[in-house]
Each structure stands twice: as structure tokens, then as C-alpha cells.
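[1] could you work out the structure for the sequence below:
(one chain, ligands or ions: 2)
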Amino acid sequence: MSTALIVLAAGKGTRMKSDMPKVLHPIAGAPMLVHALRAGATLEPARIAVVTGHGADAVEAAALEHDPEVIAARQEQQLGTAHAVGCARAALAGHDGDALVLYGDTPFIQPGTLERMIEARRDHDIVVLGFEAADPGRYGRLVMNGGALERIVEFKDASEAERALTFCNSGVIAADSDTLFQLIDAVGNDNASGEYYLTDIIGIARAQGLTATAIACDEAETLGVNSREELAAAEDLFQSRARAAAFEDGVNFYAPGSVYFAYDTVIGRDTLIEQNVVFGPGVTVESGAHIRAFSHLEGCHVARGAIVGPYARLRPGAELAEDVRVGNFVEIKNAVLDEGAKVNHLSYIGDAHIGAGANVGAGTVTCNYDGVSKHHTAIGAHAFIGSSTMLIAPVQIGDHAMTASGSVVTQDVPDGALAVARARQVNKPGLARKLFDKLKHAKNKNTKGAS
Ligand code: UD1
Ligand code: MG
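    Ligands and ions are numbered 1, 2, ... in the order given. A predicted model of the protein is given here:
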């Protein structure tokens with residue numbers, strides 16, 4: 001049976017004190033909303049509806065950028081969670097199967113938890129995700145009777161006895177899609193907030209003779225983000241989980257607390273990550289690679305045995321093949337470095353291809369931008385680029401070719417050729433000494449005049 005997702009993301013998030021909609025604030029380089037969508041995606045949903053309201057245009061754009069199949073459902077006025085789910089009705093029209101409701105501001109829900117909910121649906125008409133709260137605060141309380149969920153009561157409407165319950169509502173709910181919308185139609189807003197509560201569907205369902213249950217997850221999974229401080233705490237939680245997962249996968253760290261991951265970082269086993277390394281989105285590091293201290297990587301791939309840094313910057317499109325060396329103060333962007341290529345010091349390599357075993361000397365720059373367009377540089381296998389060569393793209397250096405240090409290379413260099421593109425040196429005997437004397441004399445004269 002297929003499942004459709006309904007992700008609620010219309011709320012304002014007043015406490016963020018931000019012009020940006022709450023669900024777009026990033027954790028580990030991706031909007032909170034994307035974290036929720038990724039967790040839901042593991043169920044291979046038949047459809048995904050995202051309910052938007054505050055900052056709808058931006059939220060929809062971010063959702064579609066992540067997954068072009070997302071169906072946006074507008075909620076013009078935020079009348080409550082039941083009303084929000086109701087706004088997804090058209091998006092789910094004709095869907096034959098379950099609907100699973102997620103919140104866009106709850107980024108830590110684990111895929112395995114959602115799978116357990118879908119499994120529990122085999123025996124119950126409605127499954128709610130609950131958690132034992134250390135401090136139940138203002139969460140909705142789950143009123144259980146054995147394994148059956150009788151109803152959910154919102155904090156504001158709860159009696160003293162109900163407020164004493166610690167089993168709380170996460171907000172995640174699964175039910176047959178048609179049943180869900182039928183129940184939502186029956187929800188009213190006669191409560192302490194004057195809102196249409198999604199939580200009311202449980203009492204209504206039970207009165208209709210339907211069954212409901214709640215399964216429990218770890219409280220950390222249901223962590224919502226409502227303020228900047230909670231956002232920072234969520235980032236911390238993400239990072240400590242990512243570090244723990246990396247250890248589990250066989251990654252080595254000298255100082256794990258100083259390494260920052262993106263939501264999608266992939267690192268192979270027996271990789272060594274030194275201190276103060278930052279991974280932006282889209283990085284894959286293969287087994288046995290070594291990322292040295294103070295390096296920054298995003299949108300790149302580092303193959304087995306490659307060594308990067310210290311102080312290296314790999315930008316989107318950097319592809320490092322096996323045993324490549326990228327050293328200190330080297331920036332690589334949109335460039336493929338074939339097996340064993342070396343760029344060890346102070347260089348910029350952008351929009352380029354570097355052949356296997358080529359050696360790029362210190363201070364080399366691929367001059368890829370003419371102020372209007374970007375151009376490509378190709379360096380052949382086993383080429384030797386002398387220190388401080390300026391490669392004016394588009395340009396090709398052949399296999400086993402060389403460039404003399406300090407060259408400004410504007411023309412292609414054939415295979416095996418040496419390109420010398422710099423002024424010829426002239427030595428003037430004794431002239432340095434004469435010049436020094438002259439300069440010193442001038443200086444003395446000036447200082448005397450001033451005193
Ligand atoms: C809700 C639950 C509560 C639960 C808590 C868990 C209800 C009535 N209450 O309360 O039982 O313990 O979550 O965090 O469901 N949203 C919309 N449109 C709306 C209202 C909300 O899209 O009209 C979205 C919000 O953006 C948010 C989510 O729904 O992502 C939850 O709304 P929120 O106002 O935070 O509900 P709570 O009061 O926290
Ligand atoms: Mg909330």
C-alpha cells in the first residue's frame with residue numbers, strides 16, 4: 001500500500017524573530033523543511049504535499065528545489081493543524097492509501113520511526129507518534145487505555161489529571177487518506193484557542209468505532225525548533241549525531257568536536273579527518289582518504305587515498321581521483337584531477353582538467369574568467385607546470401609538457417613541449433651596487449635637510 005506525505009509548514013514561527021519563514025532556517029546546510037522531507041522520502045511516498053502559508057513563495061521554492069514532484073498546498077489563514085491538513089485535500093485527491101502528517105519544523109524524525117508507524121497501521125485505523133516527555137510542558141497529552149489511544153487533549157484544554165500525563169503528542173499521524181479527510185471535516189474549533197485541532201480526530205474516530213493507537217519514539221526525534229536558541233541546539237544535536245555515526249562507520253578524528261558535517265556528507269571507512277574541517281553540502285569522501293586540518297569542502301568528491309590540506313578549499317565540482325594531493329592554500333573549483341595529480345601549494349584551479357600524475361607548481365593560477373565568461377584549462381597527463389604559471393584559459397597543455405616558472409601561457413602547448421612565456425633575463429654587472437650607493441646618498445641628504 002502506498003503512502004502520501006502531508007508536511008505542515010504554514011506556521012509563522014514568530015519566536016525566530018526573522019524575515020525568513022521558520023522552516024527555511026538551515027540545520028547542517030539544509031532547511032529544516034528538507035530534513036523533514038528527507039525523512040519522509042524513505043517511505044517512497046506516492047505523493048508529497050507541503051502546506052504553506054507564511055512566506056509561502058519562498059517555502060514552495062525551497063521544497064520544489066529539493067524535490068520537483070512536491071505539490072504545494074496553500075493555507076491562506078492559519079486556522080489550526082486540522083485546517084492545515086484539510087488544505088492538502090486537493091493535492092491528495094484520488095490517492096488510494098495512507099496519508100502521513102509531518103511537521104516542517106521537526107527535523108529529527110527518523111525514517112525507522114515512520115516505518116514503525118506504517119507497520120502499526122496494519123492493526124489500527126489511526127497511528128499517532130508519541131514520546132515520553134522529560135518536561136511535558138505545553139504538549140498535547142495522549143490519553144491511553146491500555147494499547148488504545150482514546151483521545152488527545154491539548155494542554156490548554158486539559159484537566160489537572162490530564163496535565164499530569166507525560167506521554168505526549170509529537171504531531172505525526174498516519175491514517176488512510178480518505179478516512180483522514182472525512183475525520184477532519186468533523187473537527188470544530190470550540191476550544192481554548194479557537195483553532196481546528198488535528199488532535200481532535202482521535203476522539204471523533206473512536207466515537208465512530210475506528211481504532212487508534214500511539215507508538216513511542218525517543219523525545220529527541222520530536223525536537224521542534226521555535227527560536228534561534230533552539231535552532232543552535234538543533235544544529236549541535238545534528239553535529240553530535242553525525243560525529244557518532246561517522247565513528248560508527250569507521251572514520252577517524254583527532255578532534256571530532258571541531259569537525260562540522262552537512263546533512264548529506266558521506267565519508268568512507270578508514271578516512272582520517274583532522275581538526276577544524278568543515279563539510280558543506282554534497283561531499284563524498286571515499287575510504288582511506290585523509291583530510292588535513294582547516295580544510296573546507298563542499299559539492300566535491302575525494303577518492304580513495306587522496307590527501308587534502310591543511311588549509312585547502314574544495315568547491316563545487318571538485319573531483320579528486322585516487323592518490324591526488326591538494327595542499328595548503330589551494331582552491332579547486334569545477335575541476336577534475338586525475339589519479340596521482342598534485343597541486344601542493346598556493347594555487348587556484350578552476351574550470352579545469354588535470355591529467356594523471358601531472359604536477360602543478362606553487363602559485364599557479366588558471367585564469368578562467370575574462371570578466372564575462374568562464375573558460376576551460378586542460379593539463380595533460382604527467383605535465384609539469386612551473387611555479388607561478390598563469391594559464392590564460394581557454395588553453396591546453398599537452399601530455400608530458402612543461403611550462404617554465406613565471407610563464408603567462410596564452411597559447412596551447414603541444415605534448416612533450418616546453419613553453420617559456422616570460423621576458424628573457426638580462427644581468428647588468430655592478431649595477432646593483434651603484435644603485436644602492438645612489439639610493440643611500442639620496443636618503444642621507446634628505447634626513448640632514450629635515451633636521
Ligand atoms: C501541536 C499539537 C500538539 C503537539 C505539538 C507537538 C495540535 C492541535 N497540537 O501543537 O498536540 O504536542 O504540536 O509539537 O495539533 N501549522 C500549519 N497551519 C496551522 C497551524 C499549524 O501549517 O494553521 C503547522 C505549523 O507550521 C507547525 C505545525 O503545524 O509546523 C504544528 O503547529 P504548532 O502551532 O506548532 O502546534 P503546537 O501548538 O505546537
Ligand atoms: Mg509547535
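
[2] alpha carbons only for contacts and neighbour counts from here, please
    OK.

[3] quick check, stretch 133-143 touching ligand 1?
    Yes: judged by Cα under 6 Å from any ligand atom, stretch 133-143 and ligand 1 are in contact via 139-140.

[4] and that stretch, what's buried?
    Across stretch 133-143, burial judged by 16 or more other Cα atoms under 10 Å covers 133, 136, 139-143.

[5] which of those fall within strands?
    141-143 (DSSP state E).

[6] out of these, who's nearest residue 46?
    Comparing these against residue 46 with Cα to Cα places residue 142 closest, at 29.2 Å.

[7] tell me the contacts of the nearest residue to that closest one once chain neighbours are set aside?
    Leaving aside its chain neighbours, residue 142 sits nearest to residue 152 (4.8 Å; criterion: Cα to Cα, 6 or more residues apart in numbering). Counting by Cα atoms under 8 Å, 6 or more residues apart in numbering, residue 152 touches 140-143, 169, 199-200, 202-203.

[8] and ligand 1, is the strand or helix carrying residue 152 touching that?
    Using DSSP states H and E, the element containing residue 152 is strand 148-153. No: judged by Cα under 6 Å from any ligand atom, strand 148-153 makes no contact with ligand 1; its nearest approach is 7.0 Å.

[9] partner strands of that strand, with direction?
    As defined by DSSP bridges, the strand partners of strand 148-153 come to strand 141-145 (antiparallel).

[10] still on that earlier bit, quick one: name whatever helix or strand follows the strand holding residue 152.
    Strand 148-153 is succeeded, C-terminally, by helix 160-163 (DSSP H and E).

[11] close to ligand 1, is that next one?
    No: on the criterion Cα under 6 Å from any ligand atom, helix 160-163 is out of touch with ligand 1, staying 12.0 Å away.

[12] picking up where we left off before, pLDDT averaged over the strand holding residue 152 - what is it?
    Averaging pLDDT along strand 148-153 yields 98.

[13] quick one: residue 17 from residue 140, how far?
    The spacing between residue 17 and residue 140, counted by Cα to Cα, to the nearest Å, is 25 Å.

[14] for residue 98, that is, sorry about that
    According to Cα to Cα, residue 98 and residue 140 sit 23 Å apart.

[15] repeat that for residue 421.
    From residue 421 to residue 140 the distance is 75 Å (Cα to Cα).

[16] what's the closest non-adjacent residue to residue 224?
    residue 106 (4.6 Å).

[17] ok, so of the ones in strands among the buried residues of stretch 133-143, who is nearest ligand 1?
    residue 141 (6.7 Å; Cα to the nearest ligand atom).

[18] quick check: that closest one touching residue 157?
    No: look at residue 141 against residue 157 with Cα atoms under 8 Å: they stay out of range, at 10.2 Å.

[19] for the residue in the stretch 351-451 of the chain that ligand 1 sits nearest to, give me its contacts.
    For the stretch 351-451 of the chain, the residue closest to ligand 1 is residue 351, as judged by Cα to the nearest ligand atom, at 41.8 Å. By Cα under 8 Å, 6+ apart, residue 351 lies in contact with 333-335, 368, 374-377.

[20] hang on, residue 72 in a strand?
    Yes: counting by DSSP: H, G, I helix; E, B strand; the rest coil, residue 72 is found in a strand.

[21] what bridges to it?
    Here residue 72, judged by DSSP bridges, has bridge partners residue 50.

[22] wait, isn't it in contact with residue 50?
    Yes: with contact defined as Cα under 8 Å, residue 72 counts as touching residue 50 (5.1 Å).

[23] sketch out the low-pLDDT regions of the chain for me.
    449-451 (pLDDT under 70).

[24] relative to residue 198, how far out is the closest residue to residue 405 other than its chain neighbours?
    Once flanking residues are discounted, residue 405 sits nearest to residue 386: 4.1 Å by Cα to Cα, 6+ apart. Applying Cα to Cα, the value for residue 386 to residue 198 is 68 Å.

[25] what do you get for residue 249?
    Taking Cα to Cα, one finds residue 249 at 40 Å from residue 198.

[26] more crowded one of the two?
    Neighbours per residue (other Cα atoms under 10 Å) separate residue 249 from residue 198, with residue 198 holding more: 23 against 15.

[27] follow-up on the earlier one: rebuild the buried residues of stretch 133-143 as JSON lines, extending it with distance to residue 405.
    Listed next are these as JSON lines, based on distance: Cα to Cα, whole Å:
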{"residue": "133", "distance to residue 405": "67"}
{"residue": "136", "distance to residue 405": "69"}
{"residue": "139", "distance to residue 405": "68"}
{"residue": "140", "distance to residue 405": "71"}
{"residue": "141", "distance to residue 405": "73"}
{"residue": "142", "distance to residue 405": "74"}
{"residue": "143", "distance to residue 405": "78"}
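
[28] let me know the closest of the residues you listed to residue 228.
    Closest to residue 228, out of all of those and judged by Cα to Cα, is residue 139, at 20.0 Å.

[29] how is this protein partitioned into domains?
    2-222, 250-419 (automatic domain parsing).

[30] between those domains, which gets nearest to residue 235?
    Each of these has some distance to residue 235 by Cα to Cα; the shortest is domain 2-222, at 5.4 Å.
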